[in-house]
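J.: Generate coordinates for the sequence data below:
(one chain, ligands or ions: 2)
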Amino acid sequence: MMEEDMKAILYTKEEVAARIQAMGEQLTRDYQGELPLVVGVLRGSFIFMADLVRSIQTPLELDFVAASSYGSWAVSTGTVEMRLDLEKEIIGRHVLLVEDILDTGRTLSKLVTELKKRHPASLKLCVLLDKPERRVTEIEADYVGFTVPDEFVVGCGLDFNQKYRQLPYIGILKPSIYQ
Ligand code: XMP
Ligand code: MG
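T.: Residues are numbered from 1 along each chain as shown. Ligands and ions are numbered 1, 2, ... in the order given. Sure, this is the predicted structure:
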């Protein structure tokens, strides 16, 4: 079973659910009356985003972008490109960009730069996980679920070679799996 591939479970299903619920309550207060556009970064954000928006009680709209980075997680070339663009215009909108993990920061830095050119009223970042030790760009998220150590984590949308996304918990993958 997939659980055998985990070195440890970092956050259980219940802990993840409780944290996302609390984030939703915070976002409900912060975006009251603003009809934010919640933008998910495919594919990693989809499970977090689905849980998050269901815990937000104020009206919102949804859209998606996708980014591709070349090179593997271990040996990133640092080049990131937007591969799928928004359907909607964001000029004057309050945009909340939702991602699974803020790691080196290259992906979100690139997306923030692109989206800011379109003059949103505001642009904030919401991530399930933050791994500050690996940061190579100057970027911080406005909303963070959990701060994690520098280990390869999977579950709740995060994958290794497209696997493990469906795990309901955040697990640390055994290094033997990816080495
Ligand atoms: P950057 O480095 O651009 O990373 O902030 C963003 C993307 O890298 C992937 N990533 C991970 N995926 N476990 C994963 O499953 C991890 O520990 C991890 N660290 C980075 C992820 O796709 C993220 O969107
Ligand atoms: Mg990703």
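
J.: From here on, just use CA atoms for contacts and neighbour counts.
T.: Will do.

J.: buried sites along stretch 141-158?
T.: Buried residues in stretch 141-158, counted by 16 or more other Cα atoms under 10 Å: 141, 143-146, 148, 152-158.

J.: For Phe160, which non-adjacent residue is closest in space?
T.: Of all residues beyond its chain neighbours, the one nearest Phe160 is Val154 (6.8 Å), with distances taken as Cα to Cα, 6 or more residues apart in numbering.

J.: Show the model's pLDDT score for that neighbour.
T.: Note for Val154: predicted pLDDT of 97.

J.: pretty sure it is touching Gln166, no?
T.: No - Val154 lies out of contact with Gln166 (Cα atoms under 8 Å); the separation is 9.1 Å.

J.: thinking again about what came up before, what about the helix or strand hosting the residue nearest to Phe160, near ligand 1?
T.: Applying DSSP states H and E as the criterion places Val154 in strand 153-154. Yes - Strand 153-154 lies within reach of ligand 1 by Cα under 6 Å from any ligand atom, at 153-154.

J.: chain center to that strand, what's the gap?
T.: 12 Å (Cα atoms, centre = their mean, to the nearest Å).

J.: Equivalent analysis for stretch 42-53, please.
T.: Put simply, stretch 42-53 sits 7 Å off its chain's centre (Cα atoms, centre = their mean).

J.: hang on, the earlier thing: for the buried residues of stretch 141-158, which two are the farthest from each other?
T.: Tyr143 and Phe152 (21.0 Å; Cα to Cα).

J.: Which residues of this protein lie near ligand 1?
T.: 44, 100-107, 151-154, 158-160.

J.: Which secondary structure elements does the strand holding Val154 sit against?
T.: Using 3 or more Cα pairs under 8 Å, 6 or more residues apart in numbering; DSSP states H and E, the elements in contact with strand 153-154 are strand 170-173.

J.: in its sheet, what does the strand it packs on sit against?
T.: strand 6-11 (antiparallel), strand 153-154 (antiparallel) (DSSP bridges).
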